[in-house]
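Engineer: Just the structure for this:
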Amino acid sequence: MQVEDMDLSPSSNTTSLPFELVLYILKLASASSHISAENISRVCRHARQESLPYLFATILITPNKEVGADNIPYPHFIQNLWLDLSFQDEDEIRCPQALAECDVLSQPNLTNITHLALPTVTILAWLDCDTDTHEGPTTTLANLAQCRSLTFFRFDECLDIHDIPQTEDSLFNNITHVQLHCDDWSLSDRDHTRDRVGWLVHSLRCLTHLALPFPEFTLTSTPVGEFAPYHTTLWEANVGRTVKGRPPLEQLVMVVDWKAWVEKWARFLPEGVRRLLWVSFVQEAAATEYGGRICLVEREFGSEEGGRGGGSDYGGDLEEVVLGSEDADPCFRVAWRDSVSGGETIWDKATKIVEAADREYHRVFGG
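Structural biologist: Predicted structure coming up:
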């Protein structure tokens, strides 16, 4: 895999000279004298070395590109990794468990990951950090000791995470931020949001921020009643965390399908009334005091266009994504890349939504 083959589009909030123009300027300067040509040659060589850590800080590996554990360049520079090898040919996988992610994450030079995005929770049950034996399951992952943020972008709605062994040197000891994302918002009787929240808050020792889909929001015309059970669950969990010397859960972000709720319960109401309903729901959620804050974020249905974050995308441009394929949601992938590259995170967005709701309430009702 060569640098020239990768998408190096700048982030949406930056401007830069076209590559051809920069090359032309250097060519003219080099032609002016031998000394200038020599200096430019040295500068370009050193500039490349200086730029590599930034160029490879964020890497997105997607199913529509041939990439594996052996051809990821400069793994020691990678800090943010989106890893989706779900559809790789099993004959090319070394791991006896046929898990491509195991091959990649067990790479000894991949030691500076701080943000990791994986397809499903169940992958964690089989990850192995022993490149020689691949004996598992284990979640030791000593080479991911710096990882603080974990995202599941094709959340499988299963609590198989229960089966993951937890040791004192587990990956779970590092994680402070967890985000779950899924396209299938169907509800099952055995697997509602509160079950996941309770287990994750109990099991992830350093967890301070959690974001996940909240499909229960659409069940009733007054979804504020759905927030109440979380007060007891989260309050008891935070008390238990304090007793054990663990940090409290500071922020729980519930991603809600506001459009589906409006269509089901409020489609005949004026837009202004709908807006006030949203404000009241955001405030009710934030008022569910447990020692932290519950925030609502609207589920987004972005276009393929969207912002571009920094970093290199092994999946190609969004225009290359075939709609209807089994590739992850391209809009969510862009949002993730923007957030880990210095853009707005879901936690920032949630906080702004609460603040905006407060301002809207005071504007309408005064006080």
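Engineer: need the longest helix for the chain.
Structural biologist: Counting by DSSP state H, the longest helix found in the chain is helix 34-55.
Engineer: got the buried residues for that one?
Structural biologist: Buried residues in helix 34-55, counted by 16 or more other CB atoms under 10 Å: 40, 55. Backbone N, C-alpha and C define where each C-beta goes, glycine included.
Engineer: Report all helices and strands that that helix contacts.
Structural biologist: In terms of contacts (3 or more CB pairs under 8 Å, 6 or more residues apart in numbering; DSSP states H and E), helix 34-55 is packed against helix 19-32.
Engineer: now the angle between helix 34-55 and the helix it packs on, please.
Structural biologist: Interaxial angle, helix 19-32 versus helix 34-55 (axes from the mean of the first three to the mean of the last three CA atoms, to 10 degrees): 150 degrees.
Engineer: could you say what helices and strands helix 19-32 packs with?
Structural biologist: helix 34-55.
Engineer: on contacts alone, who are the packing partners of the next helix or strand after the helix it packs on?
Structural biologist: Moving toward the C-terminus from helix 34-55, the next helix or strand (DSSP states H and E) is strand 58-61. In terms of contacts (3+ CB pairs under 8 Å, 6+ apart), strand 58-61 is packed against strand 80-83, strand 312-313, helix 330-340.
Engineer: Pick out the shakiest of those, pLDDT-wise.
Structural biologist: Ranked by mean pLDDT, those bottom out at strand 312-313, with a mean of 42.
Engineer: Now tabulate the helices and strands packed on strand 58-61 in JSON lines and tack on mean neighbour count and distance to residue 195.
Structural biologist: Compiled in JSON lines, those are given as follows (neighbours: other CB atoms under 10 Å; distance: least, CB to CB, whole Å):
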{"stretch": "strand 80-83", "mean neighbour count": "24", "distance to residue 195": "26"}
{"stretch": "strand 312-313", "mean neighbour count": "23", "distance to residue 195": "35"}
{"stretch": "helix 330-340", "mean neighbour count": "22", "distance to residue 195": "23"}
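Engineer: Rounded mean pLDDT for the longest helix of the chain, please.
Structural biologist: 83.
Engineer: Show me the one of the helices and strands packed on strand 58-61 that comes nearest residue 21.
Structural biologist: strand 312-313 (21.6 Å; CB to CB).
Engineer: picking up where we left off before, please identify which of the helices and strands packed on strand 58-61 is closest to residue 116.
Structural biologist: Here strand 80-83 is closest among the helices and strands packed on strand 58-61 (CB to CB), at 5.5 Å.
Engineer: Tabulate the CA atom coordinates of the closest one in PDB.
Structural biologist: Extracted in PDB, the C-alpha atoms of strand 80-83 (Å, rounded to 0.1, in the frame of the first residue of the first chain):
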ATOM      1  CA  ASN A  80      -7.000   6.400  15.500                       C
ATOM      2  CA  LEU A  81      -8.000   3.200  13.800                       C
ATOM      3  CA  TRP A  82     -11.300   2.300  12.100                       C
ATOM      4  CA  LEU A  83     -11.000  -1.400  11.400                       C
END
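Engineer: Show me what it is packed against.
Structural biologist: Looks like strand 80-83 contacts strand 58-61, helix 100-105, strand 115-118, helix 330-340 (3+ CB pairs under 8 Å, 6+ apart).
Engineer: Now that we have those, can you turn them into a markdown table and tack on distance to residue 43?
Structural biologist: Shown next, in a markdown table, are the helices and strands packed on strand 80-83 (distance: least, CB to CB, whole Å):
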| stretch | distance to residue 43 |
| --- | --- |
| strand 58-61 | 25 |
| helix 100-105 | 34 |
| strand 115-118 | 32 |
| helix 330-340 | 29 |
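Engineer: Minimum distance to residue 182: which of these has it?
Structural biologist: Nearest to residue 182, of the helices and strands packed on strand 80-83 and by CB to CB, is helix 330-340 at 9.7 Å.
Engineer: if I pick the closest residue to residue 56 other than its chain neighbours, what's in contact with it?
Structural biologist: Among residues not flanking residue 56 along the chain, residue 77 sits closest, at 4.0 Å (CB to CB, 6 or more residues apart in numbering). Residues near residue 77 by CB atoms under 8 Å, 6 or more residues apart in numbering: 52-53, 55-57, 112.
Engineer: Could you do residue 151 as well?
Structural biologist: The contact partners of residue 151, taken as CB under 8 Å, 6+ apart, are 115-118, 178-181, 336.
Engineer: Which two of the residues you listed have the greatest separation?
Structural biologist: Largest separation among the contacts of residue 151 by CB to CB: 115 and 180, giving 14.8 Å.
Engineer: what about residue 209, distance to residue 255?
Structural biologist: 13 Å (CB to CB, to the nearest Å).
Engineer: Please say which of those two ends up with more neighbours.
Structural biologist: residue 255 (25 against 20; other CB atoms under 10 Å).
Engineer: Can you verify the more buried one is assigned to a strand?
Structural biologist: Yes: judged by DSSP: H, G, I helix; E, B strand; the rest coil, residue 255 forms part of a strand.
Engineer: pLDDT score assigned to it?
Structural biologist: 92.
Engineer: Give the full set of residues in contact with it.
Structural biologist: Contact analysis of residue 255 by CB under 8 Å, 6+ apart lists 181, 211-214, 297-299, 346.
Engineer: now do residue 113
Structural biologist: 78-81, 144, 146-147.
Engineer: Report the backbone C-alpha coordinates of stretch 18-30 in PDB.
Structural biologist: Extracted as PDB, the C-alpha positions of stretch 18-30 are listed here (Å, rounded to 0.1, in the frame of the first residue of the first chain):
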ATOM      1  CA  PRO A  18      -3.400  22.100  -4.900                       C
ATOM      2  CA  PHE A  19      -0.600  19.600  -5.100                       C
ATOM      3  CA  GLU A  20       0.200  20.500  -8.700                       C
ATOM      4  CA  LEU A  21       0.700  24.200  -7.800                       C
ATOM      5  CA  VAL A  22       3.000  23.300  -4.900                       C
ATOM      6  CA  LEU A  23       5.000  21.000  -7.200                       C
ATOM      7  CA  TYR A  24       5.200  23.800  -9.800                       C
ATOM      8  CA  ILE A  25       6.500  26.300  -7.300                       C
ATOM      9  CA  LEU A  26       9.200  23.900  -6.100                       C
ATOM     10  CA  LYS A  27      10.100  23.100  -9.700                       C
ATOM     11  CA  LEU A  28      10.600  26.800 -10.500                       C
ATOM     12  CA  ALA A  29      12.600  27.400  -7.300                       C
ATOM     13  CA  SER A  30      14.800  24.400  -8.000                       C
END
